[in-house]
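J.: Could you look at this predicted model? Sequence included:
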Amino acid sequence: MVFSIVLLLLLAMSMLMNLGNLFSRSLATGKTRSGHTVGPKLEEMVTEDNSAVNKIAVLGIGGIITSRTIDSGGYSMVDVIKAQLKRAQEDERVKAVILKVDSPGGEVLASDEISRLISKFQLDSKKPVVASMGGLAASGGYYVSAPCRWIVAQDLTITGSIGVIMHSWNYRGLMNKVGVLPEVYKSGKFKDMMSGERNPEEITPEERAMIQSLIDETYQKFKDVVQKGRDGANKANRGGAEKGQTLDSQWSNYADGRVLSGTKAFELGFVDELGDFQKAVDRAKTIAGISQANLVEFQQHFDLSDLFRLFGESSKNRGSVVKVDLGMDMPKLQAGQLYFLSPNFMH
């Protein structure tokens, strides 16, 4: 009976909150949504009220960039960024977007998806995206920044680290010590590539060349994204008072995985301007041609349905997973997967 009463109270609260949100959205000026919304539920939060009609949407990319589920709703970082950009495009009062990046990078596919979403958003909406780099915007963190109309970094921002890494473990030596021998049945001679059970001397030069070719292909894509992004930004900014930085003619010599300070990245043309978040805000207003704007964030909104989903997942997984709390969330990197990642900065 007590549980039923609590459940009814939660349901009533959820209905009141949803009705309140619906009422507030109906009173909002400007186009905010079109049709049925599929994906993460977002709620607009004003983070800086300047009593302005125009808005600048602030999107954050922090930590490891991943396509894995990051919340109880079953949505990934890519899903959330996609939904946030959709809201920014549909809202006529949003004149620009600031991408706050503080990330060592992450998965290749997730980074590439976000990068393409930013490019498509700018092309379709004609609204600029300004990247504001925090303490760390390396590898995949730079990959998602490259398509932006303007990139702002601080003097001591750690960026660059342009490259690709694939990591695995070979534990055959340990297996030999404890007397464990693998038995492998495979359909083709390359089916167990990257297996940690094989003796290192069993890995043929042909296999190593195939893996290196895959890495080289992905690395070339990274460089293409940098070249296209910076050239596109220069072209778009050509008519403005500030044209931004152009890539140094020898920039590819610094795209060897090394990290760069914000100052060095500015000298080489990887970023357009040195400054803090406020500098990025000022630049976004200049490019968008507005004098004042409120800063807003599209944060995920959770309701009772998400609570039930969370309970369902908890009961489904109960007894099958044991988690040890170390006081921090460590990145879950998978062996054999490609990453745009700076390993030295992921802890």
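T.: Sure thing, it's come through. Numbering: from 1, shown residues only.
J.: remind me, longest helix of the protein?
T.: The helix spanning the most residues in the chain, taking DSSP state H as the definition, is helix 205-236.
J.: Output the contacting helices and strands for that helix.
T.: Under the contact criterion of 3 or more Cβ pairs under 8 Å, 6 or more residues apart in numbering; DSSP states H and E, the helices and strands touching helix 205-236 comprise helix 108-125, helix 140-143, strand 165-166, strand 338-341. In short, each C-beta sits where N, CA and C put it, glycine included.
J.: for the next helix-or-strand element following the first one, packing partners?
T.: Toward the C-terminal end, the helix or strand that comes next after helix 108-125 (DSSP states H and E) is strand 129-138. With contacts taken as 3+ Cβ pairs under 8 Å, 6+ apart, strand 129-138 sits against strand 94-103, helix 108-125, strand 150-153, strand 158-160, helix 277-288.
J.: For the fourth one, which helices and strands make contact with it?
T.: Strand 158-160 is packed against strand 129-138, helix 140-143, strand 259-261, helix 262-268, with contacts defined by 3+ Cβ pairs under 8 Å, 6+ apart.
J.: Contacts made by the last one with the rest, please.
T.: Yep, that's helix 262-268 we're talking about. If you take Cβ atoms under 8 Å, 6 or more residues apart in numbering as the criterion, helix 262-268 is touched by 133, 153-157, 159-160, 245, 247-248, 251, 254, 260, 271-274.
J.: 7 Å - rerun?
T.: Contacts of helix 262-268 with the rest of the structure, by Cβ atoms under 7 Å, 6 or more residues apart in numbering, involve 133, 153-157, 159-160, 245, 248, 251, 254, 271, 274.
J.: Mean neighbour count, the helices and strands packed on strand 158-160: which tops it?
T.: With neighbours defined by mean count of other Cβ atoms under 10 Å, none of the helices and strands packed on strand 158-160 is more surrounded on average than helix 140-143, at a mean of 32.
J.: roughly how far is it from the heart of the chain?
T.: Relative to the mean C-alpha coordinate of its chain, helix 140-143 is positioned 8 Å out (Cα atoms, centre = their mean, to the nearest Å).
J.: circling back: show me the one of the helices and strands packed on strand 129-138 that comes nearest L214.
T.: Taking Cβ to Cβ as the measure, the helices and strands packed on strand 129-138 were each checked against L214, and helix 108-125 came out nearest at 10.5 Å.
J.: Pull the contacting residues for L85.
T.: Shown in contact with L85 (Cβ under 7 Å, 6+ apart): L117, F121.
J.: what about it, which SS state?
T.: Classification of L85 into helix, strand or coil gives helix, according to DSSP: H, G, I helix; E, B strand; the rest coil.
J.: Poorly predicted segments of this protein, please.
T.: In the predicted model, the chain carries pLDDT under 70 at residues 17-38, 71-73, 239-242, 302-337, 343-347.
J.: State the helix or strand in which I56 lies.
T.: Secondary structure (DSSP H and E) places I56 in strand 55-62.
J.: Which strands or helices does that strand pack on?
T.: Under the contact definition 3 or more Cβ pairs under 7 Å, 6 or more residues apart in numbering; DSSP states H and E, strand 55-62 sits against helix 77-90, strand 94-103, strand 294-300.
J.: Now with 8 Å, please.
T.: helix 77-90, strand 94-103, helix 277-288, strand 294-300.
J.: Show me which residues of it are buried.
T.: Of the residues in strand 55-62, K55, I56, A57, V58, L59, G60, I61 count as buried by neighbour count, 16 or more other Cβ atoms under 10 Å.
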